[in-house]
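J.: Here is my input; please provide its structure:
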Amino acid sequence: MPTYTKHKMVLFIEAIAGNRNTKMRRQHLCLFMSAMLGLVLSDNMLLLFIFWELTSISSFFLIGFNNDKNDSRKSA
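T.: Predicted structure coming up:
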C-alpha cells in the first residue's frame with residue numbers, strides 16, 4: 001500500500017507541476033489521503049465520523065480547486 005500511494009503521489013505532482021498553487025493542491029491531497037487512512041484505521045464511531053467528514057471536505061477541495069473553470073465549479 002505505501003508503494004502504491006507513493007507512486008500515485010509522484011504521478012500527481014508531475015501532473016500539476018505547471019499549475020498555479022501546486023503547494024496548496026499537494027496539501028489538499030495529503031489531507032485527503034490522511035483522512036482516508038484515518039477512516040480505514042478508526043476503531044470507534046466518533047473517529048469514523050470525524051474522518052468521514054474530513055474525507056468529504058478534502059475531496060470538495062480537490063474537486064473545486066480550479067474554481068476559475070466552469071466545469072470545476074459545477075462538479076464541486
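J.: Next up, phi/psi of D43, please.
T.: Dihedral angles of D43 (phi, psi; degrees, to the nearest 10) stand at phi -120, psi 0.
J.: Tell me the confidence at it?
T.: We have a pLDDT of 92 for D43.
J.: same check, this time on I16
T.: The per-residue pLDDT reported for I16 equals 63.
J.: same thing with K74?
T.: K74 carries a pLDDT value of 65.
J.: do L37 as well
T.: On pLDDT, L37 comes in at 88.
J.: which other helices and strands contact the helix or strand it falls within?
T.: Using DSSP states H and E, L37 sits in helix 22-41. Applying 3 or more CB pairs under 8 Å, 6 or more residues apart in numbering; DSSP states H and E, one finds that helix 22-41 contacts helix 2-15, helix 45-63. From N, CA and C alone the C-beta is placed, and that goes for glycine too.
J.: Tell me which residues of it come out buried.
T.: 25, 28-29, 31-32, 35-36, 38-39 (16 or more other CB atoms under 10 Å).
J.: so which of these comes closest to F49?
T.: L39 (9.7 Å; CB to CB).
J.: For that closest one, which non-adjacent residue is spatially closest?
T.: F51 (4.0 Å; CB to CB, 6 or more residues apart in numbering).
J.: which one of the buried residues of helix 22-41 is nearest N70?
T.: The nearest member of these to N70, counting by CB to CB, is R25 at 19.1 Å.
J.: on that earlier part again, is it correct that the residue nearest to L39 is in contact with S42?
T.: Yes - using CB atoms under 8 Å, F51 makes contact with S42 at a distance of 5.6 Å.
J.: Many thanks, I have nothing further to ask.
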